[in-house]
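Chemist: Sharing a model prediction with you, sequence too.
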Protein chains: 2
Amino acid sequence: MTKRFLLAAVAALALPLPAFAQTAPDPAALRDAALKDDIAWDITEGLTTEIGQRLAATEAEARARAWSVAKLEAMGFRNVRIETFKMPVWVRGEETAEVLGPHAQKLTITALGRSGSTGPKGVEAEIAYFPTMADLQAAPAGSLTGKIAFISHSMVATQDGSHYGVFGAARRSGPQIAASKGAVAVLIRSIGTDYHRNPHTGGTNWAEGTKPIAAAALSLPDAEQLQRLLKRGPVRMRLLITPQFKGEGESGNVIAEVPGSDPDAGIVLIGGHLDSWDIGTGAIDDATGVAIAAAAAKRVMDAGQPRRTIRVVWFGAEEPGGFGGEAYAKAHANERHVLATESDFGADRIWKFDVNLPEGAKGIGDRLATVLGPLGISRGNAVAGGGTDVGPILRTGVPSISLHQSGLRYFDYHHTPDDTLDKVDPEQLRQNVAAWTAMTAIVANAPEDIGTVRPGRGE
Amino acid sequence: MTKRFLLAAVAALALPLPAFAQTAPDPAALRDAALKDDIAWDITEGLTTEIGQRLAATEAEARARAWSVAKLEAMGFRNVRIETFKMPVWVRGEETAEVLGPHAQKLTITALGRSGSTGPKGVEAEIAYFPTMADLQAAPAGSLTGKIAFISHSMVATQDGSHYGVFGAARRSGPQIAASKGAVAVLIRSIGTDYHRNPHTGGTNWAEGTKPIAAAALSLPDAEQLQRLLKRGPVRMRLLITPQFKGEGESGNVIAEVPGSDPDAGIVLIGGHLDSWDIGTGAIDDATGVAIAAAAAKRVMDAGQPRRTIRVVWFGAEEPGGFGGEAYAKAHANERHVLATESDFGADRIWKFDVNLPEGAKGIGDRLATVLGPLGISRGNAVAGGGTDVGPILRTGVPSISLHQSGLRYFDYHHTPDDTLDKVDPEQLRQNVAAWTAMTAIVANAPEDIGTVRPGRGE
């Protein structure tokens, strides 16, 4: 030990540090240990293999909750429980599409979430083609009567995933607009970036009082095939799309905790969503998300009791419309949350983070920048938002930190049959766990008091 | 004109060249012009868009023949005709697979060509897992009674495509072996190299007297999911696979010619196959093949009448077992062919060629090496074989030249729904046309007499 070091140590001991700070683990050490993590892989592999798809409010999602409780208890978390809630149930039926006439051929489709039904006899109609949402919006009222609207768009892969917001409108509101103009059904070019014959599902929204019409996505190869056929002349198609709305069902959030030493310091909520669409096994959407949050919490827990309670929430029913996040915010409105953040964008490398922290807790962002830098993560200049699940709680003024995964591959698999375990890169998953572990440790043990914030964009 | 050039021209005129050689086009010039080709793309786009899938002996394949005749006549070929033949018809039915019990989930399958049926009620049985064909072969007689055999393998992408031969045995003969040991059905890991939920179909073979059992391929993600489930304990599955053998039907070869100036010099046969499996649109297998052959013949035709007749054959019913090639060889046994070669390995860059030429025509191989070198194509040291379609005619001693495309991507798409136009790279397709054009020009105008050969391996 050098003389200089000894003096520094003595000086440090002389500082009036709060008691918890003396035992708080070093986030950098936790980060580096997490680069060898296999907890998140184990959860992702188990959930996607033993349960597979986990459509909200179905028996599969209920089995996933039971699986999750057993897993989280085995990991040593406390207060592991399920908080159920009610929600409308929608399930997929048959879905086929064929071009009629001289170029007769089948096309590959998948119904959008909350699609209406063509009825068991299907519908047969001419295609009305809209290259963009603006073209659809410009179509005169009543001009789609008796037609199948086909909506395309120009989404490409982006690192920040921003094209999903922009071009996703074709899925979220295109069917509603087409229905309002008389369409009997809607086809969209999948909101995706891959060229495999696996269309991308995802929820669509109907205005109050609109009777849902059949709405389905074509894979990109099929959408471009239809465009080529339309260049040759009018196209007539037969669609059979028979999903069902099955009334009210039950879903639930699975919650697990690492109790903190200071009950007044507030709760740090980290999570992801347990449900998935029904056509893949929900690996990147969002088994990896729940796995990353739980792995990070477990690593902080094993390093010693944190100052703040860490609450891991595996939300139910995110895909059909964020029912789990709404139910959570309602049930826990009276608790003090000092952070709420979720992982719901796959598990490719995190490359950037943003924060939304109150003035008195800005130091957390600085410490985060220092510890995440070596992982190849830079500090962004946006106000951290949340996602579907933590959105409702963030809207009450709870601070947030967003760790942004790369979106360059995400929309190749998102909401398709191709969302399977093999799409998860174990090395990139470990980088995610390392970043989440460091972030969770820093916030859970932060000496600052963490107040409320003005919600970021989108909350 | 320089004096030196003039002297060279005079010297050339003094050589005793055969008459045809004075007007034969320069293969290098044809090669370079073909690097701007759009004929092959036009055919590939038209066939895959206007017809789509072209399952042998179905209405779709018949439509494709009519389309082909119109196209080849419009291109200016002579003697355009269809030569029909009879063959057994097999068509796909329903195909679903589900794991039963605590890990209940659906898996994605597609029936193999000539699969038997489970009957409309399906079968329910335990999985017997064989990591390799050797393991299946080692299973005792009767040991699979009442079970579903699941056969895996270790195929990876190879530039020469050789793993298809080795590991493809799981598809070609695995079901027959499993049936002989009592299996009620067979699942195989797709003979493919991609991780998309699109299983690879393809023909399987039954020994004389064996009653076909249901046989289907799992996509790679599904095959690995099943392997993970098997590690956890015995797996019981329900399969519903209901294809049908529909008796005898009609298919046909489409033939077009560029008549040569010397009827005694023999026929140069180049082609590909017109039919496809039913689940994709047969772009790389084999719309590009028929397109490359026709584009090359058209380019040589447009440069002036060749010495030899170039015969373009778009074979029917290759996929279910080479019925078109057999019918052609039988119908044309009395004609003198001096070359027969096909393109049936997609349209990624050609990187190597092999020849099987008689001693007196070895110069053709040397001239080919010179003209193909600038395209990045080297001369291999194997004896050129053929493929399913030209195999029967090659077995009679007809010479061949094989232009080998890269197989590194081929088995990502082969026999899957993903075999669609977007998988064809227009630039690589042009390189193919350039090589085929140069090769066709050289052989069709070769001054040598081209005799017969000892057939290469596999013919």
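Modeler: Arrived safely. Keep in mind the model is a prediction, meaning the values are calculated, not measured. Residues are numbered from 1 along each chain as shown, chains lettered A, B, ... in the order given.

Chemist: what kind of secondary structure is residue A:64 in?
Modeler: Three-state secondary structure (criterion: DSSP: H, G, I helix; E, B strand; the rest coil) places residue A:64 in helix.

Chemist: Next up, the contacts around it.
Modeler: Contacts for residue A:64 were tallied using CB atoms under 8 Å, 6 or more residues apart in numbering or on different chains; they are A:47, A:51, A:54, A:274, A:275. Just so you know, the C-beta spots here come from the backbone N, C-alpha and C atoms, and that holds for glycine as well.

Chemist: and the third one, how many neighbours?
Modeler: Residue A:54: 29 surrounding residues under other CB atoms under 10 Å in any protein chain shown.

Chemist: likewise the fourth one?
Modeler: Per other CB under 10 Å, the neighbour tally for residue A:274 reads 30.

Chemist: I'd like to know which residues of chain A are adjacent to chain B.
Modeler: Within chain A, the positions adjacent to chain B are A:45, A:48-53, A:60, A:102-106, A:108, A:195-198, A:220-221, A:224-225, A:228-229, A:232, A:280-281, A:416-418, A:420-423 by CB under 8 Å from any CB of the partner chain.

Chemist: And the buried ones among those, selectable in ChimeraX?
Modeler: With 16 or more other CB atoms under 10 Å in any protein chain shown as the burial test, the buried ones among the residues of chain A next to chain B are selected in ChimeraX as follows:
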select /A:45,48,49,50,51,52,53,60,103,105,106,108,195,196,197,198,220,221,224,225,228,229,280,281,416,417,418,420,421,423
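
Chemist: Out of the residues of chain A next to chain B, name the ones that lie in strands.
Modeler: Applying DSSP state E to these, the entries found in strands are A:105, A:106.

Chemist: ok, for residue A:329, nearest residue in space, not its chain neighbours?
Modeler: If you skip the residues right next to it in sequence, residue A:329 has residue A:392 as its closest partner in space, 3.5 Å away by CB to CB, 6 or more residues apart in numbering or on different chains.

Chemist: From what I see, that neighbour and residue A:328 are in contact.
Modeler: Yes: taking CB atoms under 8 Å as the definition, residue A:392 is a contact partner of residue A:328 at 7.2 Å.

Chemist: who has more neighbours, the two?
Modeler: Each of residue A:392 and residue A:328 has its neighbours counted (other CB under 10 Å); residue A:328 has more, 26 against 22.

Chemist: Kindly provide the distance from the nearest residue to the more buried one once chain neighbours are set aside to chain B.
Modeler: Ranked by CB to CB, 6+ apart and with sequence neighbours excluded, the top spatial neighbour of residue A:328 is residue A:253, at 5.5 Å. In this view, residue A:253 and chain B are 23 Å apart by CB to the nearest CB, to the nearest Å.

Chemist: Show me what residue A:253 is bridged to.
Modeler: The residues listed as beta-bridge partners of residue A:253 by DSSP bridges are residue A:83.

Chemist: what sits against it?
Modeler: When the contact criterion is CB under 8 Å, 6+ apart, the partners of residue A:253 are A:82, A:83, A:85, A:313, A:314, A:315, A:316, A:324, A:327, A:328.

Chemist: do residue A:137 as well
Modeler: Contacts here follow CB under 8 Å, 6+ apart; on that basis residue A:137 touches residue A:177.

Chemist: Show me what counts as buried in the longest helix that chain A contains.
Modeler: For chain A, the longest helix by residue count, based on DSSP state H, is helix A:426-444. Of the residues in helix A:426-444, A:428-444 count as buried by neighbour count, 16+ other CB under 10 Å.

Chemist: coming back round to it: so can I have CSV of the contacts of residue A:64 showing pLDDT and distance to residue B:361?
Modeler: As requested, the contacts of residue A:64 are arranged in CSV below (pLDDT from 0 to 100; distance: CB to CB, whole Å):
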residue, pLDDT, distance to residue B:361
A:47, 98, 64
A:51, 98, 65
A:54, 98, 65
A:274, 98, 69
A:275, 98, 68
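
Chemist: Return the member of these nearest to residue A:164.
Modeler: residue A:275 (18.7 Å; CB to CB).

Chemist: which residues touch the spatially closest residue to residue A:302 that is not a sequence neighbour?
Modeler: The spatial neighbour of residue A:302 that comes closest, neighbours along the chain excluded (CB to CB, 6+ apart), is residue A:76 at 7.9 Å. For residue A:76, the set of contacting residues under the criterion of CB under 8 Å, 6+ apart consists of A:298, A:301, A:302.

Chemist: How much space separates the last one from chain B?
Modeler: It stands for residue A:302. To chain B, residue A:302 is 27 Å away according to CB to the nearest CB.

Chemist: quick one: that residue and residue A:371, what's the gap?
Modeler: For residue A:302, the distance to residue A:371 equals 18 Å [CB to CB, to the nearest Å].

Chemist: Can you report phi and psi for the spatially most central residue of chain A?
Modeler: With distances taken as CA atoms, centre = their mean, residue A:344 lies nearest the centre of chain A, 3.1 Å away. Reported as degrees, to the nearest 10, the phi and psi values for residue A:344 are phi -150, psi 50.

Chemist: Make sure it is actually in contact with residue A:286.
Modeler: Yes: in this structure, residue A:344 is within contact of residue A:286 by CB under 8 Å, at 5.0 Å.

Chemist: what do those two both touch?
Modeler: Listed as contacting both residue A:344 and residue A:286 by CB under 8 Å, 6+ apart are A:272, A:273, A:318.

Chemist: so the first one touches residue A:324, yeah?
Modeler: No: under the criterion of CB under 8 Å, residue A:272 lies out of contact with residue A:324, with a separation of 10.5 Å.

Chemist: where do the strands sit along the stretch 301-450 of chain A?
Modeler: For the stretch 301-450 of chain A, strands defined by DSSP state E, counting those that start in this stretch occupy the ranges A:309-315, A:337-342, A:350-356, A:378-383, A:400-405.

Chemist: and the first one, C-alpha only, in CSV?
Modeler: Extracted C-alpha coordinates of strand A:309-315, given in CSV (Å, rounded to 0.1, in the frame of the first residue of the first chain):
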residue,chain,number,x,y,z
THR,A,309,-36.7,-2.1,-3.2
ILE,A,310,-36.2,-3.4,-6.7
ARG,A,311,-39.5,-4.6,-8.2
VAL,A,312,-39.3,-6.9,-11.2
VAL,A,313,-42.6,-6.8,-13.2
TRP,A,314,-43.3,-9.3,-16.0
PHE,A,315,-46.3,-7.6,-17.5
